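S.K.: Curious how this folds, go ahead:
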Amino acid sequence: MSDHEQALKRMGQLIDQLDNIGMSMQMPVPAEIHLKALRESVPEIRNEVRAIYDLLGGADVWS
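M.R.: Predicted structure coming up:
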């Protein structure tokens, strides 16, 4: 599998993870639990998406 194909596969997994996070926000639990989960997961997902973007040749617009 090429780097490009692996990146697309991982991107799909990250999209599924975001979908799961969105669905979990509908669960009737205290807001603090939702916030804790978001604070842990969103930065990790963001870092992975950025790494995939860089791998696929995206310009570094964040510097």
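S.K.: longest helix anywhere in this structure?
M.R.: Using DSSP state H, we find that the single longest helix of the chain is helix 31-55.
S.K.: what comes into contact with that one?
M.R.: With contacts defined as CB atoms under 8 Å, 6 or more residues apart in numbering, helix 31-55 is touched by 3, 7, 10-11, 14, 17-18, 21, 24-25, 60, 62. C-betas here are computed from N, CA, C, even on glycine.
S.K.: and stretch 4-19, which residues are buried?
M.R.: For stretch 4-19, the neighbour count (16 or more other CB atoms under 10 Å) marks 7, 14 as buried.
S.K.: so how far is stretch 34-45 off the chain centroid?
M.R.: Between the centre of stretch 34-45 and the centre of its chain there are 10 Å (CA atoms, centre = their mean, to the nearest Å).
S.K.: go on, stretch 40-58?
M.R.: Using CA atoms, centre = their mean, the offset of stretch 40-58 from its chain centre is 7 Å.
S.K.: Check stretch 12-26 too.
M.R.: 9 Å.
S.K.: how about the CA coordinates for that stretch, as PDB?
M.R.: Output of stretch 12-26 as PDB, limited to C-alpha atoms (Å, rounded to 0.1, in the frame of the first residue of the first chain):
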ATOM      1  CA  GLY A  12     -11.000   7.700   7.100                       C
ATOM      2  CA  GLN A  13     -10.300   6.300  10.500                       C
ATOM      3  CA  LEU A  14     -10.000   9.800  12.000                       C
ATOM      4  CA  ILE A  15     -13.300  10.700  10.400                       C
ATOM      5  CA  ASP A  16     -14.900   7.700  12.100                       C
ATOM      6  CA  GLN A  17     -13.300   8.800  15.400                       C
ATOM      7  CA  LEU A  18     -14.800  12.300  15.000                       C
ATOM      8  CA  ASP A  19     -18.200  10.800  14.200                       C
ATOM      9  CA  ASN A  20     -18.000   8.700  17.300                       C
ATOM     10  CA  ILE A  21     -17.100  11.700  19.400                       C
ATOM     11  CA  GLY A  22     -20.000  13.600  17.900                       C
ATOM     12  CA  MET A  23     -22.400  10.800  18.800                       C
ATOM     13  CA  SER A  24     -21.000  10.500  22.300                       C
ATOM     14  CA  MET A  25     -21.800  14.100  22.900                       C
ATOM     15  CA  GLN A  26     -25.500  13.100  22.800                       C
END
